[in-house]
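>>> Could you work out the structure for the sequence below:
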Amino acid sequence: MTTTTTSASASTSRILKRTGPQRPRWVAPLIVVGVLLATTLAVTLLSPAGHGNTEDLDPANPGYSGAQALAHVLSDHGVRVTVVRSQRELLDETVDGTSTVVITHTVRLSGRTARAALTHASPAARVILLDPDPEVTNGMGLPVESHLANLTNPAAACTGAEVGADFRLA
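Modelled structure (predicted):
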């Protein structure tokens, strides 16, 4: 009887043993890491490069809140549009009596930077501040007040065949 039991457990252990060459333990984690890297690479390459510039009133922003279309229209009409993004770039530009200087994102300017920009732009025919911050207008010494406007239902004051007084912006 003893021989039969030993023989049965030996045959059972032979059944549980794997036949053929065994894989090293590091192969399965390596496969998982490879699949994760391949998935990450595929998602990165197939996703759009980005949404571009989304800053309000920026000439590089093609969206509804940007000014790219305005910059292109001005350029198409022969107006040289130069975009500067720092005080140094502005001071490097020549401003004369034919220039119009438009300053956006005034909230990013300190009073001192605003005064320097206004001093440099003083020979310009026009200086336009879009959405001016009170600190900037005070820093520039401008006799203006900045306040919020209600633009929910503006009435047009244009006259012409295409646009009348009843025209409304959607």
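
>>> part of a strand, is residue 127?
Yes. Judged by DSSP: H, G, I helix; E, B strand; the rest coil, residue 127 forms part of a strand.

>>> what's around residue 106, how many residues?
For residue 106, the neighbour count with other CB atoms under 10 Å is 21. C-beta here means a position set from N, CA and C on the backbone, and glycine is covered the same way.

>>> Wait, it touches residue 138, no?
No. Residue 106 is beyond contact range of residue 138, at 11.3 Å (criterion: CB atoms under 8 Å).

>>> Which parts of the protein are strands?
For the chain, the strands defined by DSSP state E occupy 100-103, 126-129.

>>> Parallel or antiparallel, list what pairs with the first one.
Within its sheet, and counting by DSSP bridges, strand 100-103 is paired with strand 126-129 (parallel).

>>> Could you list the buried residues of the partner strand?
For strand 126-129, burial by neighbour count (16 or more other CB atoms under 10 Å) applies to 127, 129.

>>> So what touches the biggest helix by length in the chain?
Ranked by residue count and defined by DSSP state H, the top helix of the chain is helix 27-46. Applying CB atoms under 8 Å, 6 or more residues apart in numbering, helix 27-46 has no contact partners.
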